[in-house]
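Student: okay, sequence plus prediction incoming.
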Amino acid sequence: MDEYSRILIEEYIMNHSSKKSRQLGRLLELSYSMATRPTDDDAIFLLKVIRSEKNPELKEALQELDEYLFS
């Protein structure tokens, strides 16, 4: 996964305090360690976030996260 994508997602997480940002933070942590496996619910959540994202750069970063975690 591209480091720039991680930075964009981290920036989003730091600027938002919501359930969405907390879940994205957990998934981003998984991308660093892969100590545990993401669940099917994680995959569904991430797909919903990607579909609804309006910022094209963040959307691309989230797609990279999805490919990295679930491919």
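Tutor: Thanks, I have the structure now.
Student: check which helices and strands the helix or strand hosting Ser21 is in contact with.
Tutor: Ser21 is part of helix 19-33 when elements are defined by DSSP states H and E. Under the contact definition 3 or more C-beta pairs under 8 Å, 6 or more residues apart in numbering; DSSP states H and E, helix 19-33 sits against helix 3-15, helix 40-52, helix 56-70. C-beta coordinates here come from the backbone N, C-alpha and C atoms, glycine included.
Student: got the buried residues for it?
Tutor: For helix 19-33, burial by neighbour count (16 or more other C-beta atoms under 10 Å) applies to Gln23, Leu24, Gly25, Leu27, Leu28, Leu30, Ser31.
Student: in contact with the third one, which residues?
Tutor: Read it as Gly25. Going by C-beta atoms under 8 Å, 6 or more residues apart in numbering, Gly25 touches Ile13.
Student: in terms of pLDDT, where does it sit?
Tutor: Predicted confidence (pLDDT) at Gly25: the value is 96.
Student: separation between it and Arg6?
Tutor: Counting by C-beta to C-beta, to the nearest Å, the gap from Gly25 to Arg6 is 11 Å.
Student: can I get the buried residues of helix 19-33 in a markdown table with distance to Ala43?
Tutor: Shown next, in a markdown table, are the buried residues of helix 19-33 (distance: C-beta to C-beta, whole Å):
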| residue | distance to Ala43 |
| --- | --- |
| Gln23 | 12 |
| Leu24 | 13 |
| Gly25 | 17 |
| Leu27 | 10 |
| Leu28 | 15 |
| Leu30 | 12 |
| Ser31 | 13 |
